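In: below: sequence and its predicted model.
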Protein chains: 2
Amino acid sequence: MDPCRAEPAAAPPCSDAGPLSYAIFRLARVHRMLAGQLLRRCGLHPGQELLLMHLWETGAQRQTDLITVLGSDSATMTRTVQRLERAGFVRRTRSEQDRRAVLVEPTAAGLALRDRVERMWEELERATCGELTAAEQAGALGVLERLERNVTDVACPLAAEEQAIGT
Amino acid sequence: MDPCRAEPAAAPPCSDAGPLSYAIFRLARVHRMLAGQLLRRCGLHPGQELLLMHLWETGAQRQTDLITVLGSDSATMTRTVQRLERAGFVRRTRSEQDRRAVLVEPTAAGLALRDRVERMWEELERATCGELTAAEQAGALGVLERLERNVTDVACPLAAEEQAIGT
DNA sequence: GTGATTTACCTGTCCGAACAGGTAATTGCG
DNA sequence: CGCAATTACCTGTTCGGACAGGTAAATCAC
């Protein structure tokens, strides 16, 4: 991948068919790539830092709660936590109250990452904002949230409908 | 995954550390999910439709050119094309001029998808725009492109620097 | 023309994301 | 109490995306 190259000479047809959709796709790709570059220096992969940031704030959490807060998938959560455990950043213990549940908790090594990750997250945000004024940043945030609401309003009834079929 | 649920009661810490970055992440996720739902009806996965749309416009292409236009990765392109070939939507032939190169070309089944995919892409764009006026859509597009430029301006020097180290 | 380099593609590996399906532990209803 | 349903988690598989490394073909330099 190399979005650093200038725009392709011939813009792909999707830029005509759905300019906003295509712009979202492009922005997300390059943003994720930058996040990945910055996170690599901490030995993390994109996504893992969100989990750790939440654990730093709240302490031990059940996987189910992590899934809810991070809007993740149960299978993804299982494996992400397993990898962070293997990397030594997280510890898992069986809950005593509910022996189905697993409590996830940062280790000393995980806590030690906090400063670096937070600085990195700030750097990512600084890059994203660029030269935007505070007012422009607020406006951009409003646009992103508006678009998210638009898409969500369509995606969720659609998802519910699909699930109803499977029932 | 279920971003259809209301916002988690406690917003994750990243929404404070980097509101724009977090908003981009969320928007991209739900947008990609909607695209995936719509594409499934065509028997495609997100990403494959971009490749097909380009082939419909231009006809046979070398993989290298597809990588450039779509901003993809050579390994990803190899496997995406292989899957589309296995699905019967694409045909691969060795170039005569340059026997290293592979020409990718839509089959009849691939061409037959065109209408459905284009309608679906329109639906995706309609959902994304929601009730936005034309002027608001143009404004949103400007914001997305501005953010992309901001991120790109930081990500690319950084990528170049990393590559220089490897040299 | 021969050898080094570049180009085009393939494979292996790892990661996040999503879906399907399975197993224990818990809960709730009769 | 006992059985069904739910919940919490795990595993398998497939996909896109990224990185490292490898092979064959073409190109360039001498």
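Out: Sure, I can see it.
In: from the chain's centroid, how far away is the helix or strand hosting residue A:138?
Out: Element membership of residue A:138, judged by DSSP states H and E, is helix A:134-166. The chain centroid and the centroid of helix A:134-166 are separated by 16 Å, computed with Cα atoms, centre = their mean, to the nearest Å.
In: counting contacts, what elements does that helix pack onto?
Out: helix B:19-40, helix B:114-129, helix B:134-166 (3 or more Cβ pairs under 8 Å, 6 or more residues apart in numbering or on different chains; DSSP states H and E). For every residue, glycine as well, the C-beta is placed using N, CA and C.
In: and residue A:123, what is it in contact with?
Out: residue A:38 (Cβ atoms under 8 Å, 6 or more residues apart in numbering or on different chains).
In: how about the residue nearest in space to the middle of chain A, phi and psi?
Out: In chain A, the centroid-proximal residue (Cα atoms, centre = their mean) is residue A:47; its distance is 4.8 Å. The phi and psi values for residue A:47, taken as degrees, to the nearest 10, are phi 110, psi -40.
In: surely it touches residue A:80?
Out: Yes: counting by Cβ atoms under 8 Å, residue A:47 does reach residue A:80; the two are 6.5 Å apart.
In: what's the neighbour count on the one residue in chain A that gets nearest to DNA strand C?
Out: As assessed by Cβ to the nearest atom of the strand, DNA strand C sits closest to residue A:75 within chain A, at 3.0 Å. Neighbouring residues of residue A:75 were enumerated by other Cβ atoms under 10 Å in any protein chain shown; the total is 10.
In: give me the element it is part of.
Out: helix A:74-86.
In: tell me the helix or strand right after that helix.
Out: The helix or strand immediately downstream of helix A:74-86 is strand A:90-94, counting by DSSP H and E.
In: what comes up buried for the helix holding residue A:138?
Out: For helix A:134-166, burial by neighbour count (16 or more other Cβ atoms under 10 Å in any protein chain shown) applies to A:137, A:140-141, A:143-144, A:146-148, A:150-152, A:154-156, A:158-159.
In: ok, that helix near DNA strand D or not?
Out: No: Helix A:134-166 lies out of reach of DNA strand D by Cβ under 7 Å from any atom of the strand, never closer than 13.1 Å.
In: what is the rounded mean pLDDT of that helix?
Out: For helix A:134-166, mean pLDDT rounds to 86.
In: that one vs helix B:19-40, what angle?
Out: With axes from the mean of the first three to the mean of the last three Cα atoms, to 10 degrees defining the directions, helix A:134-166 sits at 30 degrees from helix B:19-40.
In: would you list the phi and psi of residue A:130?
Out: Residue torsions, per degrees, to the nearest 10, at residue A:130 are phi 60, psi -130.
In: can you name the residues that contact it?
Out: Contacts of residue A:130 (Cβ under 8 Å, 6+ apart): B:146-147, B:149-150, B:153.
In: low-confidence ranges in chain A?
Out: A:1-15, A:162-167 (pLDDT under 70).
In: which parts of it sit against DNA strand D?
Out: A:1, A:29, A:32-33, A:36-37, A:62-64, A:67, A:74-75, A:78-79, A:81-82, A:92, A:98, A:100-102.
In: list only buried entries from those residues.
Out: Using 16+ other Cβ under 10 Å, the buried ones in the residues of chain A next to DNA strand D are A:1, A:29, A:32-33, A:37, A:62-63, A:67, A:81, A:101-102.
In: and the two most separated of the residues you listed?
Out: Greatest spatial distance in those: A:1 and A:101, 38.8 Å, computed using Cβ to Cβ.
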